[in-house]
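[1] Using only what follows, build the 3D model:
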Amino acid sequence: MNKFTNDIVIGLEIHVELNTQTKLFCGCPTQGSEEPNTRTCVTCLGMPGSKPVLNKKAVEHAIKLCLALNCKMSKELIFSRKSYFYPDMSKNYQVTQYEMPLGQKGKLKLRGEEVGITRVHMEEDPASLVHPAGMQRSPYVLVDYNRSGNPLVEIVTEPELKSAGQAREFMKQLITTLGYLKIFDVNEGIIKADANVSIKESGYVRQEVKNITGFKEIERALNYEIERQKKEVSEGKKLEQETRSWDSEKGITFLLRKKETEEDYGYIMDTDLVKTDITEDMLNKINEVMPELVHDKIEKFISKHKLKKKDAEVIAAEIELAELYEAVAKEINPILAAKWLRRELVRVLNYNKKELYEMEADEKHIIALLSLVESKKITDNVAQKLLEKLIEKPFDVKEYVIKENLGAVSDSKELEKYCKEAIDENPKAVEDYKAGEEKSFNFLVGQVMRKTKGKATPKEVNEIMKKIIG
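    Okay, the predicted model is just below:
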């Protein structure tokens, strides 16, 4: 009897490149020259007699991830050799963990539920294979060992994901967690997923799909694979366990090989690497520098700053936005700050096709702008335009408002004068409003806003206009 009950069963194996300056077992830089085979040495090229030395920072990063995923920690760090013959690993084995992963039995929260983490382990990245005419058509393959030996963590989930959309949400939440921990470079780092997919109609015959890059591609790849499997079964074909590759350009998966098992790799303990004890003292020191994670931020934003849950989730989903919000909320009403950062700032960044980290303006500029909004010294309309200018290039907001005479028109006599002008110039709109046409009133308010160049607050104009018209 099969243990699965869902129509679709998905498990993920996610490889994340840790953000360190040097490789996992040598001093070669992980970033720098992109000229092929220039960031290499005898160790990451697997030369006879070379000896690996473990990167302490990579271990600390991996432990942080295990703690964030609520894993049961191993007391020892032990590495194995995963034997296979392929050009991407010159010594014919990959240094990884098999017998005893660094972390086990963890979990990651999604909306309303948790996904189990089977294991988190460390390993070295293989070399990069370049297929000039594509994987299926190239008559030859080029090998670049610059990437070989970069530190990776592999996160293996329980087969608990029920849809391609949920798998994408898992990947997105994982990337958010990595960002909070500051152990992964979201802009430069490599994150890839292999997905194990099976459907009820086939009797849950597992198909592995490799080479899915990033969380945006995961949903597309899995939707294709699910439909492919359903089509094969509907045509009377019997699925067999196999490994496939995702071609993002064509939007299809294709057969790589019939599925191998873990036993095929002939794991043995790596005798070049001594056991590393994971002590309580080491865990305590890392725990002391662990940051608040996304769910902690959401709870704090709701309880302390009184934000709506949706606003808290959107702001907390990106570490840079969460940190900016907390800095601004110290000086500005938290709800006002949330409104402007979640909606207006994100809108302007999207329009300019910029990410938050690319913005030159900092929290001081945002605080200066929102303090003018909060004290009603400028209108929302003026503030929106100033924010658009700030994204292009930072400047002294208060000085600019004075220089360009952008202060809010709040003098009631001056506003009354503009309202009377708008009424006198548009008698037909006044008559229509008196006859019940609300749009005509909005038109009159718009005329006043035009006369004040957006420097009047609509609420004050509304009150004065209604008083005059009666």
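[2] Alpha carbons only: can I get stretch 427-434 in PDB?
    As requested, the backbone C-alpha atoms of stretch 427-434 are provided in PDB (Å, rounded to 0.1, in the frame of the first residue of the first chain):
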ATOM      1  CA  PRO A 427     -21.100  77.200 -13.000                       C
ATOM      2  CA  LYS A 428     -22.400  74.100 -14.900                       C
ATOM      3  CA  ALA A 429     -20.400  71.800 -12.600                       C
ATOM      4  CA  VAL A 430     -21.900  73.500  -9.600                       C
ATOM      5  CA  GLU A 431     -25.400  73.000 -11.000                       C
ATOM      6  CA  ASP A 432     -24.800  69.400 -11.800                       C
ATOM      7  CA  TYR A 433     -23.400  68.800  -8.300                       C
ATOM      8  CA  LYS A 434     -26.500  70.400  -6.700                       C
END
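[3] How about residues contacting that stretch?
    Contacts of stretch 427-434 from elsewhere in the structure, counted by CB atoms under 8 Å, 6 or more residues apart in numbering, are Ile423, Lys439, Ser440, Phe441, Phe443, Leu444, Ile469. C-beta coordinates here come from the backbone N, C-alpha and C atoms, glycine included.
[4] Same check on stretch 315-329?
    Against stretch 315-329 from outside (CB under 8 Å, 6+ apart): 176, 179-180, 182, 294, 297-298, 301, 305, 307, 337-338, 341-342, 345-346, 356-357, 363, 366-367, 370.
[5] returning to what we had before: between the contacts of stretch 427-434, identify the one with the most neighbours.
    Leu444 (23 neighbours; other CB atoms under 10 Å).
[6] Per-residue pLDDT of that one, please?
    The confidence metric pLDDT takes the value 86 at Leu444.
[7] Enumerate every residue touching it.
    When the contact criterion is CB under 8 Å, 6+ apart, the partners of Leu444 are Cys419, Ala422, Ile423, Asn426, Ala429, Val430, Tyr433, Met465.
[8] So which of these are in helices?
    With DSSP state H as the criterion, helices contain Cys419, Ala422, Ile423, Ala429, Val430, Tyr433, Met465 from among the contacts of Leu444.
[9] So the third one is in contact with Ile469, correct?
    Yes - under the criterion of CB atoms under 8 Å, Ile423 is in contact with Ile469, at a separation of 6.8 Å.
[10] secondary structure class for the nearest residue to Glu232 once chain neighbours are set aside?
    Residue nearest to Glu232 in three dimensions, not counting chain neighbours: Leu239, with 6.1 Å by CB to CB, 6 or more residues apart in numbering. The three-state label for Leu239, taken from DSSP: H, G, I helix; E, B strand; the rest coil, comes out as coil.
[11] Quick check, Met171 in contact with Glu13.
    No - with contact defined as CB under 8 Å, Met171 does not count as touching Glu13 (11.9 Å).
[12] Since that was my last question, I'll sign off now.
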